[in-house]
Structures are given as structure tokens and as C-alpha cells.
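K.L.:
build the 3D model from these lines:
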Amino acid sequence: MKRILHAGEARAFAERLDELFVARDLRQPALYQDGHWSRGIHDSIQALQSFFHAVGAPEPYIQQHEIEALYHATAVLAQGGRGYVGYAGSKLGLDGNFADHVDLINAIHRHVLQGRVVANCAVADNVFRAMLELLDDTDAWLSDSDQIMIREVITPFARIRDDATLVDRHTKWA
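P.N.:
The predicted structure follows:
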């Protein structure tokens, strides 16, 4: 009889521990590792947008030429004629109303040439939002050369995200 009582208490104790302590897998696969991408362009940009939206202090350092290249990649995406140009333009911090994607592309190039691009995480977040709008939920329509160019442009941002994720995993939950 004692053994049954102890088994019941042990089971109740185990259930209580399960309620108190939730074990989760904190690993997040790197977006870019050893020259290979773990996700498609759309999913990679979505992960980068989420990361740069929620990044804490201190902010990672973004070089000016990297954020400008991100603007140029956004102009390439706009050539696909997808997405709402008003939303994309507002996320890119562009002035004016845009009649079509050609107007948006011209405004992006003007914005970069005028030196109005600021390199910080909030801008990166918004550029990734614009890119997602212009992708319109799929990257299947991109040519091979455009995919290569976009991957090259987002690589520094993927490295920032991957490094921060690794550090976060080993410091926050250690």
C-alpha cells in the first residue's frame, strides 16, 4: 500500500514540476552558415525584419554602404511590379506619392543619391518591411541573378542576426 501511495505522490510531484518548469529548445538555426542559406529569400527577409524590429540595446553597427545596398535591392524588387507602392515608399522614408513601381524605383535611387539614407536598426527594419511588401509573399518570381544579388546584400544583416542570436542563447539562458 505504501508503494502505491508513494507512486501517486511521485506522479503528482512530477506533474507539478512540469507546470513550473517549461523546457524549450532555444536553438535557432543560422540563416547563413558556411556559405549556405537555411531559408528562402522571403523567409530570410522575414526573419531579418523580426530581428531588427525587436533588437535591444546596444544596437548592432550597420555600415552605410550596407544599408544603401539594401535600398538598391529594394528597387530591384520593385521592378517585379508587386505590392502596394504607397506602403513600401512610406517604410523607406520616401517623400511624395507614387503612381506606380517605376516612380518608386526612381524615388529610391534619388533618396540614396541625395545621401538621405540613415544606417540604423529602425531603418533596416523598415526596409525589410518594404521588401516583404514588394515580394508579395513569394520569391519564386525572382530571376536567378536577382536572387544572387539580394542574397549578397542581405548577408551582412544575416550575420548580425546570427551572431546576436548565438550570443543571446549563451548569455540569456546560461
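K.L.:
lowest-confidence helix or strand of this structure?
P.N.:
helix 2-20 (a mean of 70; mean pLDDT, DSSP states H and E).
K.L.:
surely residue 128 is in contact with residue 48?
P.N.:
Yes: the criterion here is CB atoms under 8 Å, and residue 128 meets it with residue 48 at 5.3 Å. Placement of C-beta: from N, CA and C, glycine included.
K.L.:
quick one: contacts for the residue nearest the centre of the chain?
P.N.:
Nearest to the geometric centre of the chain sits residue 48, at 1.2 Å (CA atoms, centre = their mean). Residues near residue 48 by CB atoms under 8 Å, 6 or more residues apart in numbering: 31, 124, 128, 154, 157, 158, 161.
K.L.:
over to the spatially closest residue to the first one that is not a sequence neighbour. Which of the three states is it?
P.N.:
It refers to residue 31. Leaving aside its chain neighbours, residue 31 sits nearest to residue 158 (4.1 Å; criterion: CB to CB, 6 or more residues apart in numbering). Secondary structure assignment for residue 158 (DSSP: H, G, I helix; E, B strand; the rest coil): helix.
K.L.:
from residue 84, how far out is residue 158?
P.N.:
With the distance defined as CB to CB, to the nearest Å, residue 158 ends up 26 Å from residue 84.
K.L.:
now swap in residue 28 and tell me
P.N.:
Taken as CB to CB, the span from residue 28 to residue 84 is 30 Å.
K.L.:
more neighbours: the two, which one.
P.N.:
For the pair residue 28 and residue 84, the greater number of neighbours falls to residue 28 (15 against 12), based on other CB atoms under 10 Å.
K.L.:
mind checking which helix or strand the residue nearest to that one when sequence neighbours are not counted is in?
P.N.:
Spatial nearest neighbour of residue 28, excluding adjacent residues (CB to CB, 6+ apart): residue 165 at 5.2 Å. For residue 165, the host element (DSSP states H and E) is helix 144-172.
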